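A.B. asks: this one's sequence-less:
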Ligand SMILES: O=C[C@H](O)COP(=O)(O)O
């Protein structure tokens, strides 16, 4: 059976104090969350340090938003696998479209980061997805298949999560039709050697559409940006019907 993974990606939001405030409201709501749902918060590095001391072995798993492929070295601004593992981090988002767009992330570096994450015991959440221009040109499938072919070289598919995030649906309120997201995720699955890899949908997921998203048979969870920043809204998402 495929695992359900509900992850919040806080991007560059929340100080340590704000993260603790979120946690207070959020953890109480998790008592209702079915055990088989993995709940992950992918937070800024500073918040990882704060939250790791305050989770007290509860339901929430920690996730980072990046990891370098070297164990250590002169790589200003980067973070390594052992540094994240020491904090109890379990997941790491890799290849998010914002990293690809603003920070020069390529399929080659995405692949290196995936391999490094697994080497240090972290489960990567690999993000793939097309731009509006690619979609309009009918290139959605070829673009995503090309990302998968390059990003997944030598990657262990037993320890992997994939997030399908159509770039045009991120932070726009313009959710991809759930049936279309389901179709693309089915195509992604057809390219994997392990059919049990959890595949999430990401892009303007919110309390109003989570039930419909999670009713789709191919969708194994969500990667949530804006709606994961408020404990009430993210609680509703993890407790979807
Ligand atoms: O990682 C999360 C995605 O970029 C989705 O962000 P969003 O939920 O704000 O559209």
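C.D. replies: Perfect, I can see it now. None of the values given here were measured: they were computed from a predicted structure.

A.B. asks: Not counting its neighbours along the chain, what's nearest whichever residue of the chain sits closest to the ligand?
C.D. replies: Closest residue of the chain to the ligand, C-beta to the nearest ligand atom: residue 225 (2.4 Å). (C-beta placed from N, C-alpha, C; glycine too.) The shortest distance from residue 225 to any non-neighbouring residue, by C-beta to C-beta, 6 or more residues apart in numbering, is to residue 9 (5.3 Å).

A.B. asks: Just the pLDDT for the residue in the chain sticking out farthest from the centre.
C.D. replies: Using C-alpha atoms, centre = their mean, the residue of the chain lying farthest from its centre is residue 74. It sits 27.3 Å away. Note on residue 74: pLDDT of 98.

A.B. asks: Strands along the chain, start to end?
C.D. replies: Here the chain has its strands, by DSSP state E, at 4-9, 37-42, 60-64, 91-94, 123-128, 161-164, 199-202, 221-224.

A.B. asks: Columns mean pLDDT on top of those, output as TSV?
C.D. replies: Formatted as TSV, the strands of the chain follow (pLDDT from 0 to 100):
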stretch	mean pLDDT
strand 4-9	98
strand 37-42	97
strand 60-64	97
strand 91-94	98
strand 123-128	98
strand 161-164	98
strand 199-202	98
strand 221-224	98
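
A.B. asks: As JSON lines, these with mean neighbour count would be great.
C.D. replies: Listed next are those as JSON lines, based on neighbours: other C-beta atoms under 10 Å:
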{"stretch": "strand 4-9", "mean neighbour count": "24"}
{"stretch": "strand 37-42", "mean neighbour count": "23"}
{"stretch": "strand 60-64", "mean neighbour count": "22"}
{"stretch": "strand 91-94", "mean neighbour count": "26"}
{"stretch": "strand 123-128", "mean neighbour count": "26"}
{"stretch": "strand 161-164", "mean neighbour count": "26"}
{"stretch": "strand 199-202", "mean neighbour count": "27"}
{"stretch": "strand 221-224", "mean neighbour count": "28"}
